[in-house]
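Colleague: Coordinates only, no sequence provided:
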């Protein structure tokens, strides 16, 4: 038996018990005649004491030879500590060691195994198995497990059935890019890894499963932005005989349940906002509503004066930054530099200080008097003490720029409290999105999303105006879930494919099985998928999904620990009927 | 709102309620002035009644136009049925329909959607979404969900943490064959899909996660035997600071818990048998012990007589077939033909009838008298009325043949009761297995399995005799799980790789990350994996795993519903830096 107790378990009530513990040596403090060592496992840390008087000199010598991260087993007696440590649950006791076995030695780890480590990201990724020993990473993984368990419990209790859909499916050119898998048995043919189980969950609805869910890995072979992974996990759900309202209700309840169970955070019903309103009010389809700073459109009050820049702009829009009227000239210049960075791209920024005494001081006092600026304050909902920041130009671009500024200021002002949760449904998304490069429309959600009732005819005349039965759940400025009511009619699905630029042959070759299925009694259905990685990170009060994945890949899609991907040998290639076609 | 109730929900207590139901039309019975229809959903069937008198002629006409599998919504009143049907929970009521909406029409399905269908396997696979509407398939999927939920509950309650390990890993030539995934971003390089999360779960142990589990898809690109799938699901587990006994206990408890929760079947502690005993007693390392028919070795009692075939044989071994002494000559000849089939491969079979009156009648009466045959009966534990079947020849082959005969006879005699569960631990597996084709040893379990203490030195002198800390859980003649205590020492792991024919360079290239990890404080650890597909099938009382997989592949690894794998286009290949290399 390797242990009678874990390293997080013993208390003063265990005093005088004989125990066996196993774990890792966290640190050793050598005081000559007595040595203390901290023994660590998943459950906690227990202090060991090696004492020349009470045990033996040989044991003391043995303890002296222990290094950090050695794996040891000890037998000993629980005793009361002389100086108690109220910071850890085992802090009232220590183990007077009588027997010590080194189960495995350890090289000096390349970084310290402490909550705050000295290791940079690269080295921690290479030795991820050591990084996982650190509490922050370990606790994130345990937290992820807890969230996943609660999701399953909630959905299962609601009558959802978890069904495993296949990973080896068929490649389709639609959407982001597939990873493909060459087949040995079917020469020259490839499977694809699913970007989502979308078509399979719809087929399950056609199959009468009614309420489906799955926590499932999905794959996307695309250039990885800072916080994306080529493999990611979705909570994927689908329901039959439902309207949008049914789906929003269930998944609002799921989210409330999670917030309560894993964070102790209670919340009433979630606000809803149309896509159009979100764009107008926050310049963003996933607004962070933990804080205010709503957009005020100033065209009516700021145009038609002498200020040419505003007069020429499609949109003049501002936000009131709470308490920022005291910003110095230098601080404001820094803000202006910030919005001018290429990543933001504004040409400049106009500001107006709404002083505590009720007066205004703006960068455009030449053109706007106090009365004009008071109107700005009204439109942006500014209070005395606030700073009004105004951008102008092309409507869409300006909104995006002001949204970036809003988020940056909220960050600087500490308004993005990770322990506060502000969910929001964004609804009525456009069905189609214009690709400015190609001039073609593509599906904003995916090609299986149904247009809102009565909007089908608009497809021919004004495709960009068609609204979809699609919705996103936004939490603290992140899209954590999205879904739609699906098309369940073969002809409507064919019409959609046509508008997305598929020939009937292409549509049939790629999605014929789904359209066939719609002919055999497909029920109305819809669903939603949550990004588990992101959801867990936000619930965990952090922003980086990588911190909640046991073995993440880096920005080049590499696992630097196992060094994958890697070359495979010629024999393997030959069996797969493939040759490399490398650039010179 | 599509429905107020499900089709499995209404009872006599709901009489006179106004309800809305949605579902599929199972069948329509037209009696002219009245029409009954069965409406089906996941939850059950409810009878609808359309009645000229009580509703309208127009509605009757509408009902008349309904076809099988139409998706409809009805509004109506719950009424008491004239002739009740006690076979279904809703059999006391029917719905007097007042309003009918066809939500979607249906073509005539290619096979009947009934518990017993007229569809063959191929057509049901092509239209799997229709097959899933049938109760047997639907219930299997729901059963699978229930088993998976209970597994997670049990393990989570035991302190195990479900950790997702990566799907895009590194190809290794070890073991069965990898599916590979070309990387777009890393030119000329490939990921591999995991055959199991073996190395990652071991790294989690090095990382201090202590108790890990995961229900996870695994992949193996090999010729598919009748009941294998290229993608399959494992319940994968690993524990640190454990010995074999700890692991057997936990997973014995898990299995007991599942049998109790999902089958109401209670069982005491599981018997254990060494690999050697299993082979000697049942000719099989996964014996079905729901029935007896243990092997009796007859060398001592049947050799050294005049019968040359037995005298020349390495092994003479028999079983007593209960109650089969009454078999006719024709029946016995059929049995002999059966063992002679190429799939079994015996040259012949000797038999002795142990008649109810205590006398014996054998096919070798010329060589063996009644007293000799009484000894056979003693060794094979035959009772009056039994038939003793005896095979002889090379020991290993003969055991395998007799094992096949034993299973066949049990099947014919109805001894394989699918509602009875007989688990068994098989322990002390050999570490290595001789590949008769190449003359090389390979790891019987996998190269991370530790030899039993003190057996390491045998590796050089008698590798085939080395026993491993490896164990299988057998249920009703199927291996449902297997595992081992792992090597956690770098040098021992290097020694193992050497014995498996790896050069140090190969070992380092493929598993260097694991051996490196062992240097940084690896705890003793071990684990086990259950095959979920098989486990669910056996618990469900069936033999075919395909029946418990929502979208299985056929024996050529094809998904015939979506027609995958398939060709991909030249652009995709080019982006992956690949060319096809097809045979003429």
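Modeller: Alright, I've got the coordinates. Since the model is a prediction, treat every value here as computed from it, not as a measurement. Residues are numbered from 1 along each chain as shown, chains lettered A, B, ... in the order given.

Colleague: The helix ranked longest in chain A near chain B anywhere?
Modeller: Using DSSP state H to assign secondary structure, the helix with the most residues in chain A is helix A:135-157. Yes. Contact between helix A:135-157 and chain B, assessed by CB under 8 Å from any CB of the partner chain, occurs at A:138, A:141-142, A:144-145, A:148-149, A:152, A:156. Glycine gets a C-beta too; all of them are placed from N, C-alpha and C.

Colleague: So residue A:29 belongs to a strand, correct?
Modeller: Yes. Under DSSP: H, G, I helix; E, B strand; the rest coil, residue A:29 sits within a strand.

Colleague: Show me the helices in the stretch 151-300 of chain A, by range?
Modeller: With DSSP state H, counting those that start in this stretch, the ranges of helices along the stretch 151-300 of chain A come out as A:198-206, A:244-263, A:275-282, A:299-302.

Colleague: where does residue A:481 fall, helix, sheet strand or coil?
Modeller: What three-state DSSP gives for residue A:481 is strand.

Colleague: roughly how far apart are it and residue A:265?
Modeller: Counting by CB to CB, to the nearest Å, the separation of residue A:481 from residue A:265 is 17 Å.

Colleague: more crowded one of the two?
Modeller: Set residue A:481 next to residue A:265 and count neighbours by other CB atoms under 10 Å in any protein chain shown: residue A:481 wins out with 25 against 14.

Colleague: coming back round to it: any idea which of the helices of the stretch 151-300 of chain A is most buried?
Modeller: Most buried of those, by mean neighbour count (mean count of other CB atoms under 10 Å in any protein chain shown): helix A:198-206, with a mean of 25.

Colleague: quick check: angle from that helix to helix B:135-157?
Modeller: Per axes from the mean of the first three to the mean of the last three CA atoms, to 10 degrees, the angle that helix A:198-206 makes with helix B:135-157 is 120 degrees.

Colleague: ok so, going back, tell me which of the helices of the stretch 151-300 of chain A lies nearest to residue A:51.
Modeller: Comparison of these against residue A:51 by CB to CB identifies helix A:244-263 as nearest, at 42.8 Å.

Colleague: Number of residues surrounding residue A:395?
Modeller: Neighbour count for residue A:395, taken as other CB under 10 Å: 18.

Colleague: list the contacts for whatever residue of the stretch 201-350 of chain A ends up closest to chain B?
Modeller: Using CB to the nearest CB, the closest approach of the stretch 201-350 of chain A to chain B is made by residue A:207 at 3.3 Å. For residue A:207, the contact set (CB atoms under 8 Å, 6 or more residues apart in numbering or on different chains) comprises B:128-133, B:138.

Colleague: What residues of stretch A:390-404 count as buried?
Modeller: For stretch A:390-404, a neighbour-count test (16 or more other CB atoms under 10 Å in any protein chain shown) marks A:390-393, A:395, A:398-404 as buried.

Colleague: What mean pLDDT does that stretch get?
Modeller: For stretch A:390-404, mean pLDDT rounds to 97.

Colleague: Distance from it to the middle of the chain?
Modeller: Counting by CA atoms, centre = their mean, to the nearest Å, stretch A:390-404 is centred 25 Å from the centre of its parent chain.

Colleague: same deal with stretch A:289-298?
Modeller: With CA atoms, centre = their mean as the basis, stretch A:289-298 stands 24 Å off its chain's centre.

Colleague: go on, stretch A:325-344?
Modeller: Distance of stretch A:325-344 from its chain centroid, counting by CA atoms, centre = their mean, is 29 Å.

Colleague: got the end-to-end distance for it?
Modeller: Distance across stretch A:325-344, first residue to last, is 23 Å (CA to CA, to the nearest Å).

Colleague: Which stretches in the stretch 401-550 of chain A count as helices?
Modeller: Ranges of helices in the stretch 401-550 of chain A, per DSSP H, counting those that start in this stretch, are A:458-461, A:490-499, A:504-518, A:532-539.

Colleague: If you count neighbours, what's buried in the third one?
Modeller: Yep, that's helix A:504-518 we're talking about. By 16+ other CB under 10 Å, the buried positions in helix A:504-518 come out as A:507, A:510-511, A:513-518.

Colleague: and which of these is nearest residue B:528?
Modeller: Using CB to CB, the buried residues of helix A:504-518 come closest to residue B:528 at residue A:513, 38.0 Å.

Colleague: distance of the closest one from residue B:536?
Modeller: Using CB to CB, residue A:513 is found at 26 Å from residue B:536.

Colleague: now swap in residue A:544 and tell me
Modeller: Counting by CB to CB, the separation of residue A:544 from residue B:536 is 37 Å.

Colleague: Run the contact check for stretch A:518-537 versus chain B.
Modeller: Yes. Contact between stretch A:518-537 and chain B, assessed by CB under 8 Å from any CB, occurs at A:518-524.

Colleague: can you pull the buried residues of that stretch?
Modeller: Going by neighbour count (16+ other CB under 10 Å), the buried part of stretch A:518-537 is A:518, A:520-537.

Colleague: can you check stretch A:316-329 too?
Modeller: Of all the residues in stretch A:316-329, those buried under the rule 16+ other CB under 10 Å are A:316-322, A:324-325, A:327.

Colleague: Same check on stretch A:333-340?
Modeller: Applying 16+ other CB under 10 Å to stretch A:333-340 flags A:335, A:338-339 as buried.

Colleague: Just the ones of those residues in helices?
Modeller: Per DSSP H, the buried residues of stretch A:333-340 map to helices at A:335, A:338-339.

Colleague: want to throw the residues you listed into a markdown table with distance to residue A:188?
Modeller: Shown next, in a markdown table, are those (distance: CB to CB, whole Å):
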| residue | distance to residue A:188 |
| --- | --- |
| A:335 | 58 |
| A:338 | 54 |
| A:339 | 53 |
